[in-house]
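Asker: what would the 3D arrangement of this be:
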Amino acid sequence: MHYALLIYGSQTVYDGMTQEEQAKVFQGHNAFFADVQQRGIFEGGRPLQPTSTATTVRVREGKTLVTDGPFAETKEQLGGFYILDCKDLDEAIELATRIPEAAFGSIEIRPIMVFEM
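Answerer: Have a look, this model is predicted:
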């Protein structure tokens, strides 16, 4: 089963980290990435630029509204994602606990829909 592991965290918290703390987060991701690649379950994923670079598009009553920033003001923002081919939800949960942001943010696990063509 393919799962998207969506990484949420606070840009304010991250910006308040020391360089050493930020380096530890990056090292954690490097170790996680190496493990899921070695297991052969990594399907994709990328970190995202800060929410200050986001653009949101809405269409209402045929009119397009484009605004700077994320869709909603929240304490945590989507910072990146992994797509993994896990044997089941239990494996996805176990892996999610190892993503560094789980310690100060949250990891949302979402099954990926499969469409038969």
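
Asker: work out for me the element the spatially closest residue to Pro47 that is not a sequence neighbour sits within.
Answerer: Using CB to CB, 6 or more residues apart in numbering and skipping the chain neighbours, the partner closest in space to Pro47 is Gly80 (3.9 Å). Bear in mind the C-beta positions are built from the backbone N, C-alpha and C, glycine included. Using DSSP states H and E, Gly80 sits within strand 77-85.

Asker: between whichever helix in the chain runs longest and strand 77-85, how many degrees?
Answerer: With secondary structure taken from DSSP state H, the chain has its longest helix at helix 19-39. Helix 19-39 runs at 20 degrees relative to strand 77-85, counting by axes from the mean of the first three to the mean of the last three CA atoms, to 10 degrees.

Asker: any buried residues in the strand holding Gly80, and which?
Answerer: Residues of strand 77-85 classed as buried by neighbour count (16 or more other CB atoms under 10 Å): 77-85.

Asker: looking at those residues, spot the one nearest Ile99.
Answerer: Nearest to Ile99 among the buried residues of strand 77-85: Tyr82, at 7.5 Å, using CB to CB.

Asker: any weak-confidence spans in the chain?
Answerer: Scanning the chain with the threshold set as pLDDT under 70 gives 70-74.

Asker: residue boundaries of the strands in it?
Answerer: Under the criterion DSSP state E, the chain carries strands at the ranges 2-9, 42-47, 55-60, 63-68, 77-85, 106-111.
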